[in-house]
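Chemist: Here is a sequence with its predicted model. Questions after.
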Amino acid sequence: GGPKQRAVLALLIASTGHPLSTDAMLQGVYGPDVDPRARRSLHTYVSNLRSSLGIHIQRTSGGYLLDVEPETIDAVRFEMNVERSRGVVDPSVSAELLRAALGLWRGPAYQDVDSHALHAEITRLEALRLEALEARIELDLAVGRHRQLVGELETLVQAYPLQEGFRAHQMVAMYRCGRQADALQVYQDARTTLRDELGLDPSSQLRELEQRILDQDGDLDYRPQARLRPLPTRYTSFIGRSHEVKRATELVGEHRLVTITGPGGVGKSSLAIETARSLGDRMRVLYVPVESQPSADPVVVIGNAMGLSASSGEDLERSIADLLD
């Protein structure tokens, strides 16, 4: 329909789950000066929306209510995914939830609707989108996707030159790619832009990041974090093999590689797990089950068990070695 009918639909969507008074809708569609005939036009717009879109719009005592499942509204689904991402520990999973949330955006919020009443909702959604975008980039940096982020961050800095968070992430991504001079230039560009546009200096956080890059602070380097899987729970007794566990434990202390061999069914896995359990208070233990994927590349299998990915842009074998060092 026309712009006023679209405004009616947008106002109903923005208040999903709550009735919207007729007076509020009239103000939102027509502004402060409402034509006396506008009330009849409003009823027509609602009727047209019901028939053209097949949606249920309830007439209430005070106005109208859009009666749809909240998940059918992109904005609601976006906020649900953002909220879900906050409760996820695994950064790669959290990043995917935010990626799915941001994928629902196809342009500015309510970009084809002219309604002063929606300005606050538009501002809120846009702020949440930028917050989610910055959080997703931070999570991608945490899992070693700095090489893939450089181009995206260059575009974002051009689009949001006053957003220091994007500048900081760009500096870190470039530094990790070996582009220290470019990372420092990002800071200088931010300093110039902030002074010219706002008459302000960069924040203390951005200044501190510049100094850390100048100092080549090792904490800025990407260091993958291993996700240590718990050892399997044993439901049967392990009596009479304390000597074997003691001997295996001694061998692990003396050699970089200890292999337990023997015919099938004699308890090699149980012995290995009990040995690992006895070592738990002295060293980090990583459990990597391979029986379900015997033909897979062992480097990939071990990397997956540690939460590393070959798609991170880093040498997977090198990353594993760094964690095991």
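Modeler: Perfect, I can see it now.

Chemist: Where do the helices of the stretch 201-325 of the chain begin and end?
Modeler: Applying DSSP state H, counting those that start in this stretch to the stretch 201-325 of the chain gives helices spanning 204-214, 242-254, 268-279, 298-305, 316-324.

Chemist: Give the other helices and strands that the second one contacts.
Modeler: Read it as helix 242-254. Packed against helix 242-254, as judged by 3 or more CB pairs under 8 Å, 6 or more residues apart in numbering; DSSP states H and E, are the following elements: helix 268-279. (C-beta placed from N, C-alpha, C; glycine too.)

Chemist: still on that earlier bit, got the helices of the stretch 201-325 of the chain as a markdown table, with mean pLDDT, distance to residue 67 and mean neighbour count columns?
Modeler: Formatted as a markdown table, those follow (pLDDT from 0 to 100; distance: least, CB to CB, whole Å; neighbours: other CB atoms under 10 Å):
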| stretch | mean pLDDT | distance to residue 67 | mean neighbour count |
| --- | --- | --- | --- |
| helix 204-214 | 95 | 46 | 15 |
| helix 242-254 | 89 | 65 | 14 |
| helix 268-279 | 86 | 56 | 17 |
| helix 298-305 | 77 | 46 | 16 |
| helix 316-324 | 76 | 51 | 15 |
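
Chemist: With respect to residue 166, which of those helices lies nearest?
Modeler: Nearest to residue 166, of all the helices of the stretch 201-325 of the chain, is helix 204-214, at 11.0 Å by CB to CB.

Chemist: Contacts made by that closest one with the rest, please.
Modeler: 164, 167-168, 171-172, 175, 180, 183-184, 187, 190, 201-202, 219-220 (CB atoms under 8 Å, 6 or more residues apart in numbering).

Chemist: what's the answer for stretch 75-91, then?
Modeler: Outside stretch 75-91, the residues within contact range by CB under 8 Å, 6+ apart are 13-14, 16, 70-71, 94-95, 97-98, 100-102, 104-105, 109, 125, 128-129, 132, 135, 139, 142-143, 227, 307.

Chemist: Just those: which are in helices?
Modeler: Among the contacts of stretch 75-91, the members found in helices (DSSP state H) are 13-14, 94-95, 97-98, 100-102, 125, 128-129, 132, 135, 139, 142.

Chemist: Which of the residues you listed ranks first by neighbour count?
Modeler: In terms of neighbours by other CB atoms under 10 Å, the ones in helices among the contacts of stretch 75-91 top out with residue 98 at 27 neighbours.

Chemist: any idea of the pLDDT on that residue?
Modeler: pLDDT for residue 98: 94.

Chemist: low-scoring pLDDT stretches of the protein, where are they?
Modeler: 224-230, 234-237, 281, 290-295, 307, 309-314, 325 (pLDDT under 70).

Chemist: And the residue nearest the centre of it?
Modeler: residue 95 (2.5 Å; CA atoms, centre = their mean).

Chemist: Skipping adjacent residues, who's closest to it in space?
Modeler: In this structure, residue 95 finds its nearest non-sequential neighbour in residue 139, 3.9 Å apart by CB to CB, 6 or more residues apart in numbering.

Chemist: repeat for residue 285
Modeler: Using CB to CB, 6+ apart and skipping residues adjacent in sequence, the residue nearest residue 285 is residue 276, 4.6 Å away.

Chemist: I'd say that neighbour and residue 288 touch.
Modeler: No - with contacts counted by CB atoms under 8 Å, residue 276 stays clear of residue 288, the gap being 10.8 Å.
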